[in-house]
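Colleague: just need the structure, nothing else, for what follows:
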Amino acid sequence: MLRVHCYLLTGLALMGGSLLAHAQMVPPELSSDEPIEFDAENNRMTARGNAILDNENTRVKADRIIFEQDQSTVQARDTVTLTSGSFRLLTDNADYDYFNRTFYTGDFRLGNDSIYVLGTEAKGDKDLIEVADAKMYVQEPDPFALNLNSKKLTVENQDTVAMEDVVFQIGEVPFFYLPYVEYRVDNGTPVQYTGNIGQQNDLGFYWQNAFAFRFIPELAAGLNLDGYTQRGVLVGPILDYNWTDPDFGTMTGWVDTGYIHDEGSASELGTDVLGRPIEPDRYFIEWRHKQFSLDDNLELTASISWWSDSAVERDFREGLFEDNQQPDNFFEATYKGENWFLNAIARLQPNDFQTVAQRLPEVRFDLVPTEIFDTGLYQRLDVSYATLQENSPTGSFNTLNSNRINGYYGVHYPIAASDWLVITPVAGVMATHYAVTLGNSGSYTRVLGEFGVDVDLNAVGVWDYQNEFWEIDGLRHYLQPTVQYRYVPAAQSGDTLIPPIDRLASFETYLEPLGLANKRNIDDLYEENTIRVGVQNLFQTRDPEYGSRDLFAVDLYQEFRFSTAPAQPARYGQPAEPAEQDYSDTYAIIQFMPAYWVQFSTLLRVNPNKLNLDEITSGVRFTDGEEWTAFFGNNYVTDVVGNDINQFLLDVRYRLDSRNLLGAYWTVDADLGELTEQAYLWETMLGRSWEATFAIIHTSGSTRQNGFRFQVSFSLVRI
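Modeller: Predicted structure coming up:
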């Protein structure tokens, strides 16, 4: 259909060109399906039939638009749509002031992709919208939708919503009141809620709730509030914050807490990881904080996980426990210079069921590898001071204390022998002073030296190989062999005097850093005379949409040790350790991604001294777009202290439609000969605002929470 367009210059010219110049605006454009009428006597233009007025980033659309040029106002009548920026307003009648960019309307609907507002009156401009008697939905309206009723609502700069006298409702049912709410649209909903309703053998019937309200854009505060028929009531405050301040920089973080006087029986409370009975007064405090200041050069980090016992989160906040099974508590500040870092960290031990190498504090300066003038020689410097302490929660050993100054200086000189070979000699010295020694036998200073060499090779091969089924369009092979050698003589010097606080973990499946520069176990060193050999392989092919994609990767590593650490008896809460072997485990890391719908990865660890497979951890995932996915994995470890690990996992998901997904997973412990965990899930949407998961779970062979569990989880959609 032919539309009639008219640029509204006539009236402006009659009022004088100075008015248009003063407005500094592009004149609006009026169009309609029917011819535009011009009333010269009243200086009025009327457009009918799908009438549209475009004015920069604002569009008014209606069945009829009347433009009063003397007053520079627009009257939109019948089926009116006003669009400005990301917001759209629907009403029957609206008035729009062209020069001031303001509007007024009666009953209306207003929204964007984040909020939906109903009201009896709205007025404002693109920077500030005021609404009377507002009802705001976080999603589109439905019988289950969260909505907020307010006497007055304002939207500022299209991103900040402020409300007065706010009543919170689910559908038409009110449940909470706040005198004031302010939040930014890009922060999601003004209310955060997650809940679980279910039944579990050792908890009884339960209802877990976590809800928070955003009082101001930077802060949401609320409560954990749970009820358990067999255990009592759990309650604790929660916070979520995101703050930007000119002086203090950007701060983000959250707090999650809970307290319960546990009314469970002694068998239900059970024992902690040290075998001690758990007391009925139970609590947890979780705090995470990240802050950037001074043009992002200063980074502040805090992590607190303060638990009454080792099982409190496992019993009452399973999601937190799965992400953090070994709680850590520290405060850290790092200042970043041009080629150096200054770091201070305090690591604490608030939990009485852990052995922690406390740092009270440690201050450290690191100069990153930096070229000395233009010589090609690179230097590195690390200096630290630490006050260390380690306590036994069971009293199995006396408290260890240490005041330590440690410094490392190293140099390396890369030599490009060819475009495929780089040889890098390495040398360094570490000096460590201990003001406190074992048995209070005075101070002790240890000086160690190291030297070695790194040899790195790079090769690339290209083949014009084609495979239509696997969508292979050519092959490229990157081959990167590497050889590292380090010699650190007499590193065990002073081992009878040094408090061994920073020592190796009792069980570690990965190779430790080679040489002195990157070692953290500086209180527990032994002579090192080691060659490490590795090779990295990567196969790629052209991707039809972008660059290339990986097909296959194999990395192999092996150490040859000419000096080995001796066997260690059980000490300081750690089990006995066997003597180090002449040959390390052989590591193979394999990844296979022949197509977008299949991915396979595995870690193999073979003991060449005994020709024994110590570990195989693998997984394969099949994916059919967004319709279904299946994952099969295993974890097999034979050299762990205590029982071996031999477990298998199968996890499948199938999407019925955009709102419904079915899932199940099974875990088998081959050593126990049991199906230790099985779960069957249905994830769905309740209306447009709620996500819900219905689950039936059975667990066996665990130290806690065995038997069936039925649970319904639901949460507000966070947009």
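
Colleague: so what's Leu672 up against?
Modeller: Contacts for Leu672 (Cβ atoms under 8 Å, 6 or more residues apart in numbering) come out as Gly701. For glycine as for every other residue, the C-beta is placed from the backbone atoms N, C-alpha and C.

Colleague: okay, Ser506: pLDDT?
Modeller: Per-residue pLDDT puts Ser506 at 63.

Colleague: ignore the last one, Leu20
Modeller: At Leu20, pLDDT is 34.

Colleague: in the stretch 401-550 of the chain, which spans are strands?
Modeller: Along the stretch 401-550 of the chain, counting by DSSP state E, counting those that start in this stretch, strands occupy 415-418, 421-434, 444-457, 459-467, 472-488, 528-542, 548-561.

Colleague: what about the chain, any weak spots by pLDDT?
Modeller: 1-27, 506-508, 642, 718-719 (pLDDT under 70).

Colleague: returning to that earlier point: could you export the strands of the stretch 401-550 of the chain to JSON lines, including columns for mean neighbour count?
Modeller: Shown next, in JSON lines, are those (neighbours: other Cβ atoms under 10 Å):
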{"stretch": "strand 415-418", "mean neighbour count": "10"}
{"stretch": "strand 421-434", "mean neighbour count": "17"}
{"stretch": "strand 444-457", "mean neighbour count": "17"}
{"stretch": "strand 459-467", "mean neighbour count": "10"}
{"stretch": "strand 472-488", "mean neighbour count": "17"}
{"stretch": "strand 528-542", "mean neighbour count": "18"}
{"stretch": "strand 548-561", "mean neighbour count": "16"}
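
Colleague: okay if I get the ones you listed as JSON lines plus distance to Arg621?
Modeller: Shown next, in JSON lines, are the strands of the stretch 401-550 of the chain (distance: least, Cβ to Cβ, whole Å):
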{"stretch": "strand 415-418", "distance to Arg621": "41"}
{"stretch": "strand 421-434", "distance to Arg621": "36"}
{"stretch": "strand 444-457", "distance to Arg621": "33"}
{"stretch": "strand 459-467", "distance to Arg621": "21"}
{"stretch": "strand 472-488", "distance to Arg621": "20"}
{"stretch": "strand 528-542", "distance to Arg621": "19"}
{"stretch": "strand 548-561", "distance to Arg621": "15"}
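
Colleague: Ile405: which of those strands is closest?
Modeller: strand 421-434 (4.6 Å; Cβ to Cβ).

Colleague: paired strands for that closest one, with orientation please.
Modeller: Paired strands of strand 421-434, with direction, are strand 400-412 (antiparallel), strand 415-418 (antiparallel), strand 444-457 (antiparallel) (DSSP bridges).

Colleague: could you pull out the helices for the chain?
Modeller: For the chain, the helices defined by DSSP state H occupy 10-15, 17-23, 266-269, 312-316, 318-323.

Colleague: residues in contact with the fourth one?
Modeller: Contact with helix 312-316 is made by 202-203, 208, 226, 231, 234, 258, 260, 282-284, 307, 320-321, 324, 704-705, as judged by Cβ under 8 Å, 6+ apart.

Colleague: so which of those residues are in strands?
Modeller: In this view, the contacts of helix 312-316 that belong to strands under DSSP state E are 208, 226, 234, 258, 260, 282-284, 307.
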